[in-house]
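[1] From the sequence below, what's the structure:
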Amino acid sequence: MRPFLDEANVDRFGNAVGVRLCGKPGVPRLLLDAHLDEIGLMVTGVEGGFLRFRTIGGVDPRMLPDRELTVLTHPSILGVVTCLPPHVLKPGDTKKAIPISELRVDIGMDQKEAERTVPIGTPMVFRGGCFDLKNGRLCGKSMDDRSCFTILLRTAELLKDKPLDVDLYVMGSTREEVSGAGAKVGTYGIHPDYCVAVDVTHAKTPDMGKGRRSNIGGGPQIGVGPNMTRWMTERMVGKARELGIPYDLEVMEGHTGTNGWHMQIVREGVATSVVSLPLKYMHSPIEVLDLADIEQTAQLLAAFAEHLGKEAGSIC
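    Model prediction:
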């Protein structure tokens, strides 16, 4: 963040926080947030050299067998979630998800070596890289929500040489997948007047049923509902139309599943907007997004930040 902001630090909760002061006294504070944590697993014991584990965040047990993992020891090691070959499966087993309690991780060690190497409580994450698909699509793990933190960096870059009438804060928050605690603590410390939670949302796929979903490549999704402050939503829509940025309204009738739900009630309350990036195959190691959506969302956020102090004052 430092090339684009005045300062950047990590707070005591692990949040990465950057700030650009506009140089004017008594101006409002705008906070842009995207979480940096990812789903994963945690070691609970060792049996015959194999690791037992539980999940951290929303992990789908159906996709765990034969999955490659990085075990976050010091230094890290690799492991694989065990699976039975199809030759020895019982009739009907292929139609069932194996319970987490019955799965193990093979790290190639015997009992004593595994106990010495992997302490109880060690986290594990999906192993995987990032690669291009056709037509500007990108595939990889942890796009939820590090792709949106990339959007915040791009937003700060777009605003670098433009005058602002708000102090701009950018936060890469922790623990969204388990509690939202990072955003709560970070927002409390920053004490913003306005905040925008930027997260991913479900993009349409052939096997997805009806419901809340969006088109990948269709631009940012602007949240509308009780988690969002109405004038913030309307201003976000207005900026998208003004710049010709494609967008969709995403109806969020209750809990948005984002940090916006927690940020809006910090201290005496914060005016809140939720903007989402369409993403396929969420919470898997093969999440897919469109690079054009990243750029368009950053352009929208940059436009929203410009003249916010003056325009919000007239609205409120």
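[2] Now for the residue positioned nearest the centre of the chain: which residues touch it?
    Nearest residue to the geometric centre of the chain (Cα atoms, centre = their mean): D145, 2.0 Å. For D145, the contact set (Cβ atoms under 8 Å, 6 or more residues apart in numbering) comprises 34-36, 176, 198-200. In this view, the C-beta of every residue, glycine as well, is placed from N, C-alpha and C.
[3] now swap in V185 and tell me
    Taking Cβ under 8 Å, 6+ apart, we find V185 in contact with 11, 13, 15.
[4] biggest separation within the contacts of D145, which pair?
    L36 and V200 (13.1 Å; Cβ to Cβ).
[5] Help me confirm that T205 is found in a strand?
    No: the assignment for T205 (DSSP: H, G, I helix; E, B strand; the rest coil) gives coil, which keeps it out of a strand.
[6] Name the member of the contacts of D145 with the most neighbours.
    A34 (29 neighbours; other Cβ atoms under 10 Å).
[7] Return the set of residues that bridge with it.
    Beta-bridge partners for A34, by DSSP bridges, are G172.
[8] so how far is R154 from it?
    Using Cβ to Cβ, to the nearest Å, A34 is found at 11 Å from R154.
[9] Identify the residues contacting the residue lying closest to the residue nearest to the centre of the chain once chain neighbours are set aside.
    Spatially, and ignoring its direct neighbours in sequence, D145 is nearest to H35 (4.7 Å; Cβ to Cβ, 6 or more residues apart in numbering). Applying Cβ under 8 Å, 6+ apart, we find H35 in contact with 145, 148-149, 172-177, 182-183, 199, 259.
[10] helix or strand for E242, which one?
    Using DSSP states H and E, E242 sits in helix 230-243.
[11] So which bits of that helix are buried?
    Neighbour counts over helix 230-243 (16 or more other Cβ atoms under 10 Å) mark 232-233, 235-236, 239-240 as buried.
[12] name the helices or strands packed onto it?
    If contacts are counted by 3 or more Cβ pairs under 8 Å, 6 or more residues apart in numbering; DSSP states H and E, helix 230-243 sits against strand 221-224, strand 271-279, helix 291-305, helix 308-315.
[13] what's the longest one packed up against?
    Going back to what we said before, that points to helix 291-305. Helices and strands touching helix 291-305, by 3+ Cβ pairs under 8 Å, 6+ apart, are strand 29-35, helix 143-159, strand 194-202, helix 230-243, strand 271-279.
[14] Among those, which comes closest to S214?
    Taking the helices and strands packed on helix 291-305 one by one with Cβ to Cβ, strand 271-279 is closest: 4.5 Å.
[15] strand partners of that closest one, parallel vs antiparallel please.
    Here strand 271-279 has these sheet partners by DSSP bridges: strand 194-202 (parallel), strand 221-224 (antiparallel).
[16] now the end-to-end length of stretch 196-216.
    21 Å (Cα to Cα, to the nearest Å).
[17] ignore the last one, stretch 114-125
    Terminal residues of stretch 114-125 are spaced 18 Å apart (Cα to Cα).
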